[in-house]
Each structure stands twice: as structure tokens, then as C-alpha cells.
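Q: Task: produce atomic coordinates for the following.
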Amino acid sequence: TVSATQTDNAGNTSVAATTTITLDNSAPTAVTINTPIEVDDIVNASEDDSVLVTGSGAEANASLNVNIGGQSQSVTADASGNWTLSGNELDISALSNGTLTVSATQTDSAGNISPAATTAITLDNTAPTGHAVSVD
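A: This next block holds a predicted model:
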């Protein structure tokens, strides 16, 4: 409860005006990232412009930030706390091949941010080189 009074020059004090506020300075818990991502945790050339990442454990309707290799996209959890980064929401085709970190955080209605949930994927979107054929 917040209360305020005022005192005039003669020393008279007013009746207190009050209101109630809610303090929420606790970060929500970390969410869960479902693995493997893209069936085998390897993102190939046909998947790199539409990586599918799903998870659970968010507060109902919480805003989430999903980051892959430094590229981020916001998604919203459903009423059960499940969330999905789907389709063409995040294109990682321009990132360098190799291991990339996938992270997800949630922000609650008070603006508190959870610890990050993380996992790793491998980006391999380079086609193999052809074989040399010699004719005798």
C-alpha cells in the first residue's frame, strides 16, 4: 500500500490518500527448448530459411525472444505456455556454417526476463563438391 499525506504551513496534516500496487521483481523460470531441432539438430540448406523451434514452460501468453546465432525473433506463448518459432519467421541462411547457439527467454507481464534456455545446432547449408570423373 502506498500512502501520501500533506502538511500545510500551520502544521495541519491531511487525510492519507492510499492506493495498492503489486511488486513483481522476480524473474520467471527458464523455458524449455524442445530438442532435437529440425529432427537431428542439423540445419541444412532446405531448412535454413525456416528453422522450426518449439518449446514449453512459459507463463501463459508471455512474450519470448528466440535467438539463433545472434539473430532474434519474438514469439508469444499460448495459454498453456507452449511456444513455436515456425515457418519463415527467422532466416539463418546467411550465417556461417558450424555450431550455433539457440536461446530462448521469456518476459513476464511485469517486464522481468527469465534466464536463457540454450541448446546447440549445426548449420550445414553448403552443398558438397562434385566428384571428378575421368574417362579412359
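Q: Can you point out the buried residues in the longest strand belonging to the chain?
A: When the chain is parsed with DSSP state E, its longest strand is strand 98-107. Neighbour counts over strand 98-107 (16 or more other CB atoms under 10 Å) mark 100, 102-107 as buried. Where you see a C-beta, it was placed from the backbone N, CA and C, and this is true even at glycine.
Q: which element is the residue nearest the centre of the chain on?
A: In the chain, the residue lying closest to the centroid (CA atoms, centre = their mean) is residue 65, at 2.4 Å. If you go by DSSP states H and E, residue 65 is part of strand 63-68.
Q: What pLDDT is listed against the closest residue in space to residue 63 that isn't next to it in sequence?
A: Closest residue to residue 63 apart from its sequence neighbours, by CB to CB, 6 or more residues apart in numbering: residue 107 at 4.8 Å. pLDDT, residue 107: 95.
Q: For residue 107, list each beta-bridge partner.
A: Beta-bridge partners recorded for residue 107 (DSSP bridges): residue 63, residue 113.
Q: Keeping just the C-alphas, turn stretch 73-86 into PDB.
A: Provided in PDB are the C-alpha atoms of stretch 73-86 (Å, rounded to 0.1, in the frame of the first residue of the first chain):
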ATOM      1  CA  GLN A  73      12.600 -13.200 -33.300                       C
ATOM      2  CA  SER A  74       9.800 -12.600 -30.800                       C
ATOM      3  CA  VAL A  75       7.000 -15.100 -30.400                       C
ATOM      4  CA  THR A  76       4.100 -15.400 -27.900                       C
ATOM      5  CA  ALA A  77       3.300 -18.400 -25.700                       C
ATOM      6  CA  ASP A  78      -0.200 -19.800 -25.800                       C
ATOM      7  CA  ALA A  79      -2.400 -20.100 -22.800                       C
ATOM      8  CA  SER A  80      -0.700 -23.400 -21.800                       C
ATOM      9  CA  GLY A  81       2.800 -21.900 -22.000                       C
ATOM     10  CA  ASN A  82       3.800 -23.700 -25.300                       C
ATOM     11  CA  TRP A  83       5.500 -21.600 -27.900                       C
ATOM     12  CA  THR A  84       6.700 -22.000 -31.500                       C
ATOM     13  CA  LEU A  85       9.100 -20.200 -33.800                       C
ATOM     14  CA  SER A  86       7.900 -21.500 -37.200                       C
END
